[in-house]
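Visitor: Predicted model, plus sequence, below.
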Amino acid sequence: MTDLNKSTTPMVERINRLRQERNAVILAHNYVPGDVQDVADFVGDSLELAQKSARINADVIVFCGVYFMAETAVILNPDKTVLLPDLNAGCPMANMITGAELRDFKAKHPGAKVVCYVNSTAEVKAESDICCTSANAAKVVGSLGDSEILFVPDRHLGDHVASQLNRPMTLWPGFCPTHQHFSTAEIDSLRATHPGAPVLVHPECARPMRQAADFVLSTGQMCRHVATAPEQKFIIGTEDGIIHRMRKENPGKEFYLVSQRLRCPNMKKITLEKVLWSLEGMQFKITVDPEIAKAARRSIEAMLDVSK
Ligand code: 13P
Ligand code: SF4
């Protein structure tokens, strides 16, 4: 989605002026606050953002998302300046496995292939054979033949892919805390209030929620689904930032978040003020050790090749 905000609030004007002066591009994930999405040049899911950042024509990328996303942009763009507006915007799931833990895991499963969800550190990507996102995980795993698969760090996405492909995988026990914040009872209650409204959940949700849903989709797939589906009402089981984009792109359709607790505190650290300060002070520059970046780039590019 490309939507350069032309509105004239003083803060947006300053962001637009600095964006031009710095030859910068603002990329935003579907979960960041709505006013940040509105000022972005491009809004998307993790795969779309990785694909976009691989083709960017600018000197500076302001990455409105969490740390691992900015790190991925650095790995794909070693000659560009990548800024993350808040250095503390991390992803707890990405920190649930370290490079050392993955080396240990691999040593216990000689010959296995490692698929790593992009929600992971650069060091973990560097130790993996191929990355995946929630949009392409089944395709990535399916491309690996019959080898044993170690899937890190998200046990729920791993479990979802294993059942989609009907093949066993060895899963690391990581998870997203935000996507555990609702229950099937909340899905049932919204279904009763809005009969006929399909339920869309993210694969980071635990199995009971995935089984109770009609569709299990990445955030980008959800946006495309609601735009073309004939229904007018949808029940959404993922982070609440996506509701802004869905309402904006589909006026007249109605979107109900399964639970108001579906808020990622890290995505919400990326405020409009911090985007401005980021461009003003050229902060915070994200860097990756060149050796780790080289190995991590191989895993990310392997994924991008499979996703073409
Ligand atoms: P998507 O790739 O579906 O946008 O998901 C990213 C993420 O962090 C979900 O929690
Ligand atoms: Fe990480 Fe979950 Fe936030 Fe996504 S929603 S960035 S997986 S904590």
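Guide: Great, that's in hand. Ligands and ions are numbered 1, 2, ... in the order given.

Visitor: Point to the residue nearest the middle of the protein.
Guide: S46 (3.6 Å; Cα atoms, centre = their mean).

Visitor: what about the closest residue to that one other than its chain neighbours, neighbour count?
Guide: Of all residues not flanking S46 in the chain, T133 sits nearest, at 4.4 Å (Cβ to Cβ, 6 or more residues apart in numbering). All C-beta spots, glycine's among them, are computed from the backbone N, C-alpha and C. A count of nearby residues for T133, using other Cβ atoms under 10 Å, gives 25.

Visitor: need the residues of the stretch 1-150 of the chain near ligand 1, please.
Guide: The stretch 1-150 of the chain has residues 30, 45-46, 119, 133-135 near ligand 1, with proximity defined as Cβ under 6 Å from any ligand atom.

Visitor: biggest separation within those residues, which pair?
Guide: Using Cβ to Cβ, these span at most 14.1 Å, a distance reached by N30 and N119.

Visitor: Including distance to F151, could the residues of the stretch 1-150 of the chain next to ligand 1 go into TSV?
Guide: Compiled in TSV, these are given as follows (distance: Cβ to Cβ, whole Å):
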residue	distance to F151
N30	23
D45	19
S46	16
N119	12
T133	13
S134	12
A135	16
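
Visitor: What is the nearest of the residues you listed to V39?
Guide: Distances from V39 to those, taken by Cβ to Cβ, are shortest for N30, at 14.6 Å.

Visitor: Show the contacting residues for that closest one.
Guide: 37, 43-45, 219-220, 223, 239, 241-242, 245 (Cβ atoms under 8 Å, 6 or more residues apart in numbering).

Visitor: For it, give me phi and psi.
Guide: phi -60, psi -10 (degrees, to the nearest 10).

Visitor: now swap in the one 10 residues further on and tell me
Guide: Geometry field for A40 lists phi and psi as phi -80, psi 150, criterion degrees, to the nearest 10.

Visitor: Relative to ligand 2, how far out is it?
Guide: Computed as Cβ to the nearest ligand atom, to the nearest Å, the A40 to ligand 2 distance reads 17 Å.

Visitor: Is the closest residue to that residue other than its chain neighbours bridged to anything, and to what?
Guide: Nearest residue to A40, sequence neighbours excluded (Cβ to Cβ, 6+ apart): A28, at 3.7 Å. For A28, the beta-bridge partners under DSSP bridges are V43, C64.

Visitor: The lowest-mean-pLDDT helix or strand in the chain close to ligand 2?
Guide: Least confident helix or strand, the chain: helix 46-53 with a mean of 92, by mean pLDDT, DSSP states H and E. No: Helix 46-53 is not in contact with ligand 2 by Cβ under 6 Å from any ligand atom; minimum separation 8.5 Å.

Visitor: Nearest to ligand 1: which residue in the stretch 51-200 of the chain?
Guide: S134 (4.1 Å; Cβ to the nearest ligand atom).

Visitor: Please report how far the closest residue to that residue other than its chain neighbours lies from ligand 1.
Guide: Leaving aside its sequence neighbours, S134 sits nearest to S218 (Cβ to Cβ, 6+ apart; 4.0 Å). Separation of S218 from ligand 1 (Cβ to the nearest ligand atom): 3 Å.

Visitor: wait, doesn't S218 sit right on A135?
Guide: Yes: in this structure, S218 is within contact of A135 by Cβ atoms under 8 Å, at 3.8 Å.

Visitor: Common neighbours of the two, please.
Guide: 45-47.

Visitor: And those, which is closest to E231?
Guide: Using Cβ to Cβ, those come closest to E231 at D45, 21.3 Å.

Visitor: ok, E71 - contacts?
Guide: Residues near E71 by Cβ under 8 Å, 6+ apart: 121-122, 286, 288.

Visitor: quick one: which of those residues is most hemmed in?
Guide: A122 (26 neighbours).

Visitor: which residues sit in contact with it?
Guide: 68, 71, 75, 288-289, 292-293, 296.

Visitor: on that earlier part again, neighbour count winner among S218 and A135?
Guide: Between S218 and A135, S218 has the larger neighbour count (other Cβ under 10 Å), namely 24 against 20.

Visitor: Dihedrals phi and psi, the more buried one?
Guide: phi -70, psi 170.

Visitor: ok, which stretches of this protein are helices?
Guide: With helices called from DSSP state H, the chain shows them at 10-21, 34-39, 46-53, 67-76, 99-108, 122-126, 137-142, 155-165, 184-193, 207-212, 219-228, 241-249, 272-281, 290-306.
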